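**Student:** 3D model of this:
(one chain, ligands or ions: 1)
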Amino acid sequence: MESPGMALSDKYGSNNPPAIMVRGAYKRYNPHSVVLRGLNMTVPEGTIYGLLGPSGCGKTTLLSCMVGRCQIDAGDIQVKARTKSNIGYMPQELALYQEFSIKETMTYYGRLFGMSHKQIETRTYELLKFLELPHENNIVSRLSGGQERRVSFAVALLHDPQLLILDEPTVGVDPVLSASIWQHLLDMTANGNKTVVITTHYIEEARQAHTIGLMRDGTLLAEESPNQLLLKHNCSTLEQAFLELSKRQTRRSIMDREDENCNIETYPVPYKKPLAPLKPDNICSKSRILAQLLKNFYWMKRNIPIMCFLMILPVVQCYLFCTCIGRDPQGLKLGVVNEELKNGMSSCSSYPSSGCNFSIPLSCRYLQNLKDKSYKLIEYDSLDEAKFAVKKNKVWGVLYFEEGYSESLGARIKMPENLTERTLNISDVNIWQDMSNQYVSNLLRRDMLSRYVMFLESVFRDCNWPVAMADIPIKLEDAIYGDNNPSFGHFTAPAIISLFEFYLPMVFTVGAILMEKMGGLLERSLVAGVTVTEVILSHIVVQYIVLSVQTALMMLVLFVFFDNPMVGSLVWSLSLLFLTGTSGMCYGFMVSVFCNTDTSATFMGLGSFFPLAMLSGMIWPLEGMHWILRSVGWILPITLSTESFRALSARDWSITHPTVYKGFLSASGWIGVFMLVTIIVVKKNNGLRNVTK
Ligand SMILES: Nc1ncnc2c1ncn2[C@@H]1O[C@H](COP(=O)(O)OP(=O)(O)OP(=O)(O)O)[C@@H](O)[C@H]1O
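**Tutor:** The predicted structure follows:
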């Protein structure tokens, strides 16, 4: 049986060579969804080819394969306009940057096609006039649906391509304009140089096409000129002809199924090697990179609030981190039961705060020391009452001084020979604590001990005894690295900056790539000839500009305003941060090739953020983790770089120190891993393809 599309030129006697030839094309998205089933199609050069068929029959898929958006699994597609810049493609989705003005849109695509400023200007003027579009400064998102569609059409016509592939260009366009669009297409093809393939749902308007391909279930039912089609099937409308052919196809497939000997059409196994996609003119072109950069800057110009947010976010995070985390709690409440002040003795305020007198309540001097450290002391009459207050969470602990505390302490210090166990007990300060909060309880213990030593030293000083005798016999000398009184912030500041340095570029990259992927924008640019290399290069340029500002601001906040230690080489520190930022950006590329929606990217981003933050030794030293988790932690992207940054900032170790260079190696290694995975997936998907429509 003759297959439509196989012998078109014979049937029509057309001398035109084919501009597009499809032979035995098979395509499926998954095993249960075969979209093209051995389709044959011939588009003669210099003609309009109307591709008609019900929704879901595979028209868009076929056009996508023609322009290289996706690849067929088997068969052959030959497109005469070999390079992408000779093709004008209008996808079904609008695929326009909503924030751009019409002029910016035209400039971007014009630059992509290597047009000069003057050429873009002239062509934009012509197309705006012809398509009855509003002024070029209008923003795309503020146009009506039909106007947006016309802008999309104008983009496809902009560089006056040899082959126009239009997926439903007349949807939402009024009949008058639709007629003039068809007239324009007829004029274009009149001299036989330009070819148009067009899909439309308005079957009757396709009567103006030179050839009509009626498509159903992934094959062509017929491929004829409109008149021949009507004559052959004795119909007055194309719609009737299509119905007639559909009925025949349905009858045939029922008969095929009933006939045991019939070869039921199966998917070709093994697949033939798919065709290479249409190539751009070259892998990397200056004009296309410039166009990409231009587009990125247009985007930034139109999204100033987002850009400000991206700059301010790390500053605010660092500020909040330094002010909220790592500082000692202030004004903690402690209960006091002081039996020394009972039995008619007045309050602490009536006793001197110095002197070498053990018959006045020395407990008051110790308590004063605690008050000086911002503790709030609440007096209770009995120990039971005070302990109850701890249980009721009114105080964090209770200090108990027995009657005769000061005399017993004096006796203990002077060590008389008849010192009894009882005297020793009375000279103790008894403390009960709420230990449910590890950080607060440890802090209380630290302060109560250090303040006790200070108190004893002051007593020894007043009594003219050697002050050193009051201290425990351990001498903490000056710190070799870091501050003598390090704060938690000193430990975490390098981790915070590494974490932000990794995640901010990741978020920015995923946001930028997904925005383009989801709206079909990236695919339109890829069809227009942009290469993945160019997309990545132009993104890197913009990313580095943003990252430089973010890094400078974070460094200012963390190391200048909040004075966290930064004693090492600024050049190496910044280099390490940029390397970490680059690995974050590459991670972003990887996430964007795996994810097609914001939601999946958010899950992937969040899903990796928390384990990374926990396991990278950012909040807690790695030595405190279970050895298995510690081993995992060491190989994560920011662990070694954080350690390296700590070594640089707090210890001024040189690049030759293993801790420092391992950070650089780790960040570089991760860049390699992320990019390798990205490239593999991109190659597998034939570009940064979106599997959604
Ligand atoms: N990315 C994809 N992944 C999986 N299935 C897809 C994908 N794109 C299209 N399909 C399926 O392939 C079939 C053909 O879709 P296609 O968009 O090519 O049809 P169409 O003829 O252009 O339809 P319409 O006229 O409604 O645009 C549909 O069943 C659709 O669900």
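**Student:** the helix or strand containing Leu214 pairs with which strands, parallel or anti?
**Tutor:** Leu214 belongs to strand 211-216 when elements are defined using DSSP states H and E. Strands that pair with strand 211-216, judged by DSSP bridges, come out as strand 48-52 (parallel), strand 219-224 (antiparallel).
**Student:** so for that strand, mean pLDDT?
**Tutor:** The pLDDT scores in strand 211-216 average 90.
**Student:** if we ignore the residues flanking it in sequence, what's nearest Leu62?
**Tutor:** Leaving aside its sequence neighbours, Leu62 sits nearest to Leu36 (C-beta to C-beta, 6 or more residues apart in numbering; 6.3 Å). All C-beta atoms are positioned from the backbone trio N, CA, C, and that covers glycine.
**Student:** so the one you found touches Ile72, yeah?
**Tutor:** Yes: using C-beta atoms under 8 Å, Leu36 is in contact with Ile72, at 6.6 Å.
**Student:** common neighbours of the two, please.
**Tutor:** 25-27, 65 (C-beta atoms under 8 Å, 6 or more residues apart in numbering).
**Student:** kindly reformat those residues as TSV containing secondary structure, distance to the ligand and pLDDT.
**Tutor:** Output for these, formatted as TSV (DSSP: H, G, I helix; E, B strand; the rest coil; distance: C-beta to the nearest ligand atom, whole Å; pLDDT from 0 to 100):
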residue	secondary structure	distance to the ligand	pLDDT
Ala25	strand	12	90
Tyr26	strand	13	89
Lys27	strand	8	89
Cys65	helix	10	89
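**Student:** pull the most distant pair out of those.
**Tutor:** Tyr26 and Cys65 (10.3 Å; C-beta to C-beta).
**Student:** what about these two, which has more around it?
**Tutor:** Cys65 (26 against 20; other C-beta atoms under 10 Å).
**Student:** which residue packs closest to that one, ignoring adjacent ones?
**Tutor:** Using C-beta to C-beta, 6+ apart, the closest residue to Cys65 is Ile72 (5.1 Å).
**Student:** for Gly75, helix, strand, or coil?
**Tutor:** strand (DSSP: H, G, I helix; E, B strand; the rest coil).
**Student:** doesn't Gly38 make contact with it?
**Tutor:** Yes: with contact defined as C-beta under 8 Å, Gly75 counts as touching Gly38 (7.0 Å).
**Student:** identify the contacts common to the two.
**Tutor:** 24-26.
**Student:** distance to Ile671 for these - can I get that in TSV?
**Tutor:** Output for the shared contacts of Gly75 and Gly38, formatted as TSV (distance: C-beta to C-beta, whole Å):
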residue	distance to Ile671
Gly24	43
Ala25	39
Tyr26	39
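**Student:** average pLDDT for the longest helix along the chain?
**Tutor:** Of all the segments of type helix in the chain, defined by DSSP state H, the longest one is helix 488-518. For helix 488-518, mean pLDDT is 90.
**Student:** quick one: pLDDT of the spatially closest residue to Leu186 that is not a sequence neighbour?
**Tutor:** Taking C-beta to C-beta, 6+ apart, and ignoring the residues beside it in sequence, Leu186 has Gln208 as its nearest neighbour in space, at 6.5 Å. We have a pLDDT of 89 for Gln208.
**Student:** thought Gln208 was touching Thr189?
**Tutor:** No: between Gln208 and Thr189 there is no contact under C-beta under 8 Å: 10.6 Å.
**Student:** who has more neighbours, the two?
**Tutor:** Taking neighbours as other C-beta under 10 Å, Gln208 and Thr189 compare with Thr189 leading, 20 against 15.
**Student:** doesn't that one belong to a helix?
**Tutor:** Yes: Thr189 forms part of a helix when assessed by three-state DSSP.
**Student:** looking at it, it is touching Thr47, isn't it?
**Tutor:** Yes: with contacts counted by C-beta under 8 Å, Thr189 reaches Thr47, the gap being 5.9 Å.
**Student:** give me the residue from the stretch 301-450 of the chain nearest the ligand.
**Tutor:** Residue of the stretch 301-450 of the chain nearest the ligand, by C-beta to the nearest ligand atom: Asn303 (28.5 Å).
**Student:** now that residue: phi and psi?
**Tutor:** Backbone torsions for Asn303, taken as degrees, to the nearest 10, come to phi -120, psi 50.
**Student:** for Ser347, same thing?
**Tutor:** phi -80, psi 170.
**Student:** now it, nearest residue through space, not along the chain?
**Tutor:** Here the residue nearest Ser347, using C-beta to C-beta, 6+ apart, is Leu341, at 6.5 Å.
**Student:** all set now, cheers.
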